[in-house]
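K.L.:
Got a sequence here, can you build the structure:
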Amino acid sequence: MNKTRDKKSAGRIVLTLNGGKKTFTCSFGGRTIEIAAPSGGQPHKGVWTPEGLLVASVEGAVKESFMDLARKNGLVFFSYKSRAQGIAKGPEGDLAFSEIRIMPEITVSSSAQGVKAAELIKIAAKKCGMAKLLTAKISACPVIKLRK
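P.N.:
Got it, this is the predicted structure:
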């Protein structure tokens with residue numbers, strides 16, 4: 001018999017409506033960021049969308065999972081920089097993310113370390129905590145660079 005347990009979120013989120021469709025959110029003890037749904041299909045300049053925050057959260061979870069796997073597997077890398085893209089599909093008005101694609105650029109010292117880095121980032125994308133919470137496919141398309 002499988003036992004399940006509830007796990008409380010690590011952070012508390014406070015949302016405050018500030019007129020119109022804009023909101024401010026503050027994680028408990030954290031920085032305040034502005035969030036708003038796009039108006040007329042156009043995002044507000046300098047303001048996060050809920051979808052953008054979700055994609056960024058997945059990107060961060062994949063990076064943290066990769067760093068943990070790298071440490072456990074003896075991978076030495078010099079830099080990690082990534083971009084992410086949420087791919088939504090479905091009929092108009094009923095879109096859902098079908099995939100969140102993480103595109104990291106990882107700099108390593110050798111070809112062997114590059115092969116290991118590519119393998120570990122793909123595992124991280126499939127096994128990070130966010131991948132377990134979402135139905136969208138989380139994929140990694142790494143670019144491996146050798147340090148000269």
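
K.L.:
so where's this protein uncertain?
P.N.:
By pLDDT under 70, the low-scoring segments of the chain are 1-30.

K.L.:
so where do the helices sit in this protein?
P.N.:
Here the chain has its helices, by DSSP state H, at 50-72, 111-127, 129-133.

K.L.:
Counting neighbours, what do you get for Q113?
P.N.:
Burial measure for Q113: 21 neighbouring residues, criterion other Cβ atoms under 10 Å. Every C-beta, even on glycine, is put in place using the N, C-alpha and C of the backbone.

K.L.:
My read is that K145 contacts S110, right?
P.N.:
No - contact criterion Cβ atoms under 8 Å: K145 and S110 do not qualify, at 11.6 Å.

K.L.:
Stretch 75-87: how far from the chain's middle?
P.N.:
10 Å (Cα atoms, centre = their mean, to the nearest Å).

K.L.:
related to what we said a few turns ago, okay, K145 and S110: which has more neighbours?
P.N.:
More crowded of K145 and S110, by other Cβ under 10 Å: K145, with 16 against 11.

K.L.:
Ignoring the adjacent residues along the chain, who's closest to that one?
P.N.:
T107 (4.6 Å; Cβ to Cβ, 6 or more residues apart in numbering).
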